[in-house]
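Q: Pasted the sequence and its predicted model underneath.
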Amino acid sequence: MKRAYSALMAVIIMGVVMLIVAVTLVTLGGDSNQLAGVMSNRYYAKNLAKACAEKALTFLRNKESLDASQNYKARIIIEPSDDAMISSVNPNLNYGASSAVTLSASSALLYRFDVAGAVPEGAVILSATMRIYALSESSGNETIRAYRILPANAAWLEGNNDGTASSFFDVNWSYLDYGSLTNWAGSPGMSTAATDYYAIPEVSIADKIVSSTAYSLEISSSTVNSWLDPSNNQGLVVRSDAGSELWFATKEAAIVNQRPVLDLVYSVSDLQSAKGGVSQDYGYCFYQNINTGGDNWVVEATGISKEVWSFNRVDLTQPSSTPSVITISSWKEVESF
């Protein structure tokens with residue numbers, strides 16, 4: 001009798017729950033898809049946070065030793081802090097907020113990456129690869145070159161317009177800063193080698209550009225190490241002699257994996273804060289390993305999908321004598337760091 005009563009109550013409760021859900025969906029009407037989207041993003045964010053926590057633990061387990069005199073490798077992939085197109089076709093327009101831009105003989109692409117803010121203090125950059133994602137196809141081989149921008153043009157900022165008239169602090173073909181009418185050091189379009197940018201390119205590739213393909217540009221470690229001092233980080237200008245327009249995605253692109261990135265491999269000597277991240281179409285995550293003293297570590301992992309955030313904290317110990325052995329004392333989802 002009690003079992004039957006319990007079963008009946010379970011059915012009644014389930015019916016009430018289903019009724020509430022049905023009424024909610026009817027009330028929301030067109031917003032029901034939005035509710036489903038939020039729930040989906042929360043699921044992705046939670047899983048991304050867990051994935052980055054696992055990645056952080058893998059990094060710790062793979063250390064050969066905790067000897068403070070030894071350097072350890074880590075890797076992080078970052079998006080630009082600034083990217084923009086400048087075009088002689090529309091010399092007074094700003095494209096700092098455009099999700100896609102064109103590269104041709106009449107335009108150039110500008111990039112700046114905040115390397116100093118991405119790696120721990122004392123890190124040494126071992127390699128750096130910039131990747132840009134093509135959204136169109138060329139008819140034949142095209143040459144793409146990346147040059148380091150000279151200090152005289154350090155003040156450029158991407159701006160906030162999507163192919164519309166420039167405003168204060170916006171970069172365009174005519175001016176480094178349209179608001180103050182500050183000219184480029186050499187000529188419009190930052191076009192003068194050895195005055196606007198270093199004459200020798202950081203990297204040059206000649207290839208047929210294929211749509212939906214990422215192209216790698218190897219930037220010298222000496223250049224990127226100099227960017228650890230922000231006053232030396234003027235960024236890069238990418239140029240091409242292409243007769244037709246080549247379309248590339250920017251950091252404003254809706255699809256995360258299409259955005260330009262700088263893939264950094266660096267070494268640290270003390271591992272006080274080894275950082276890293278994971279990027280997927282539906283979001284991304286990042287982590288840092290923090291030594292809290294002796295054998296004690298904290299992993300902080302954050303997952304982000306659209307505007308939904310999730311946080312994982314892992315407390316652990318790792319004996320210096322056996323670094324591959326990790327003892328986790330706590331792994332929990334937290335509200336924030």
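A: Perfect, thanks for sending it. Residues are numbered from 1 along each chain as shown.

Q: Just give me the residue closest to the centre of the protein.
A: With distances taken as C-alpha atoms, centre = their mean, E79 lies nearest the centre of the chain, 3.1 Å away.

Q: leaving aside the residues next to it on the chain, what's closest to that residue?
A: Leaving aside its chain neighbours, E79 sits nearest to K251 (4.8 Å; criterion: C-beta to C-beta, 6 or more residues apart in numbering). In this view, the C-beta of every residue, glycine as well, is placed from N, C-alpha and C.

Q: ok, the one you found to I77 distance?
A: Here the distance between K251 and I77 works out to 13 Å (C-beta to C-beta, to the nearest Å).

Q: the more surrounded of these two?
A: For K251 versus I77, neighbours defined as other C-beta atoms under 10 Å are more numerous around K251 (20 against 17).

Q: now the more buried one, what's its secondary structure?
A: Here K251 takes the coil state, with states given by DSSP: H, G, I helix; E, B strand; the rest coil.

Q: wait, what's in contact with it?
A: Applying C-beta atoms under 8 Å, 6 or more residues apart in numbering to K251 gives the contacts 79-80, 83, 259-260.

Q: one more time with 6 Å
A: Residues in contact with K251, defined by C-beta atoms under 6 Å, 6 or more residues apart in numbering, are 79-80, 83, 259.

Q: Going by neighbour count, which of the residues you listed comes out on top?
A: For the contacts of K251, neighbours were counted using other C-beta under 10 Å, and D83 has the most, 27 neighbours in all.

Q: That residue - that's part of a strand, no?
A: Yes. Secondary structure of D83, determined by three-state DSSP: located in a strand.

Q: Contact partners for it?
A: By C-beta under 6 Å, 6+ apart, the contact set of D83 is 111, 158, 250-251.

Q: how about a cut-off of 7 Å?
A: Taking C-beta atoms under 7 Å, 6 or more residues apart in numbering as the criterion, D83 is in contact with 110-111, 158, 250-251, 260.

Q: quick one: which of those residues is nearest to V224?
A: When the contacts of D83 are ranked by distance to V224 (C-beta to C-beta), Y111 comes first, at 12.2 Å.

Q: State the helix or strand in which that closest one lies.
A: Taking DSSP states H and E as the criterion, Y111 maps to strand 107-112.
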